[in-house]
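> Give me coordinates for this.
(one chain, ligands or ions: 2)
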Amino acid sequence: MTVVYEKVALIGLGLIASSMFWAMKRGHVAGHVSGYARSAETRDTARRIGLCDTVCDSAEEAVKDADLVVLAVPVGAMASVAQAIAPYLKAGATVTDVGSVKGTVLSAVGPHIPQGVHFVPAHPMAGTEHSGPESGFATLFDNRWCLIVPPEGADETAVVRLEDYWKALGANIERMDPEHHDLVCAVVSHIPHLIAYTMVGVADDLQRVTDQEVIRFSAAGFRDFTRIAASDPTMWRDVFLTNKDATIEMLGRFTEELFALQRAIRTGDGEQLHAYFTRTRAIRRSILEAGQDTDAPDFGRAKVER
Ligand SMILES: NC(=O)C1=CN([C@@H]2O[C@H](COP(=O)(O)OP(=O)(O)OC[C@H]3O[C@@H](n4cnc5c(N)ncnc54)[C@H](O)[C@@H]3O)[C@@H](O)[C@H]2O)C=CC1
Ligand SMILES: O=C(O)C(=O)Cc1ccc(O)cc1
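Ligands and ions are numbered 1, 2, ... in the order given. Below you'll find the model as predicted:
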């Protein structure tokens, strides 16, 4: 495979950045990868496991001469990181991010990007409940979607180059506008996480009256919820704080449906329940047919060979 960017800088060295690094190495997608993480402990870990060609002690040093700068920090930290690196960006470079929310990133990061530097946000629709520099693996993005969300008037050559980069990491790409992105992600990712957090919280409350039975007898469905509810608290706090409108809107629809099902149970309307569950089963089948089933229970996924 050919090198898409000669020098790539990764800011934030967690699950997504480390997976990008291993995928870049696998496909020879970048000539040189530098990395920076805020904590000295993360930088030490990165050096120990060979994550990045150079681990820098400042963001300034990491982005120097970079053709692509990837912001891979929680959404709430994107703007301050962009502000800090702005004076050191090379003319003609591209800044991208991998944040789970796009409207806020565009409005908060965009103003910090200097003239002559391209800004092309992106969002890989792939992840796990694990975080940190040791959780990444090269195959994370294989056959998964990466949504590309260019601001109005973005340079087409820079956008296509970033798309080529994500394809080289194994992903399929699709362009979206930020409002649509945030609505779609509220449905397919953000609300499901909120529901998982709530279900596990309810079970934890109940545990106090059921003498550990929730843990002892937990069935597969509940275990799937606990996997999702083990996701990084900082990352998910930021997702809900920055995708407020779409999540509130979708949560409203969700509670309406929940009340409808509650009513069907109370009134003994088996037909309605059966019809509903038949419809949702078909959705699962269509996901499997599309080959997007990498979220099936697999508690050892992060141990996949890098
Ligand atoms: N975890 C997932 O499944 C997915 C996450 N994302 C997005 O990717 C981004 C990164 O997520 P992960 O790699 O999972 O997170 P992570 O928690 O594994 O890594 C985050 C990194 O950012 C650093 N960081 C945190 N606050 C910072 C700050 N204020 N300044 C500088 N560095 C800071 C941390 O030290 C760490 O190195 C987030 O914006 C998240 O929304 C996107 C797709 C999937
Ligand atoms: O682990 C899971 O089930 C996920 O849903 C991963 C994920 C988390 C956040 C994103 O913005 C995209 C994908």
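> you'd agree Gly35 is up against Cys52?
Yes: counting by C-beta atoms under 8 Å, Gly35 does reach Cys52; the two are 3.5 Å apart. Every C-beta, even on glycine, is put in place using the N, C-alpha and C of the backbone.
> Report the set of residues contacting both of the two.
Leu10, Leu13, Phe21, Ala46 (C-beta atoms under 8 Å, 6 or more residues apart in numbering).
> got the contact list for the first one?
Leu10 makes contacts with Ala17, Met20, Phe21, Val33, Ser34, Gly35, Tyr36, Cys52, Ala62, Val70, Ala72, as judged by C-beta under 8 Å, 6+ apart.
> how about a cut-off of 10 Å?
Listed by C-beta atoms under 10 Å, 6 or more residues apart in numbering, the contact set of Leu10 reads 16-18, 20-21, 24, 30, 33-37, 46, 51-52, 55, 62-63, 66, 68-72, 98.
> The second one now?
Residues touching Leu13, when contacts are defined by C-beta under 10 Å, 6+ apart, comprise 21, 35-39, 42-43, 45-46, 51-52, 55, 72-73, 132-134, 136.
> now the last one
Contact criterion C-beta under 10 Å, 6+ apart gives 10, 13, 17-18, 21, 35-37, 52, 54-55, 133-134 as the residues in contact with Ala46.
> swap the cut-off to 6 Å and go again
Leu13, Cys52, Val55, Pro133 (C-beta atoms under 6 Å, 6 or more residues apart in numbering).
> gap between the residue in the stretch 101-250 of the chain that ligand 2 sits nearest to and Ala23?
Here the stretch 101-250 of the chain gets closest to ligand 2 at one residue, Gly127, 3.1 Å apart by C-beta to the nearest ligand atom. Remark: distance between Gly127 and Ala23 (C-beta to C-beta, to the nearest Å) = 13 Å.
> And Leu89, how far from ligand 1?
From Leu89 over to ligand 1 the distance is 16 Å, taken as C-beta to the nearest ligand atom, to the nearest Å.
> So what's the residue count around that residue?
As a burial measure, Leu89 scores 23 neighbours (other C-beta atoms under 10 Å).
> Cool, thanks, talk later.
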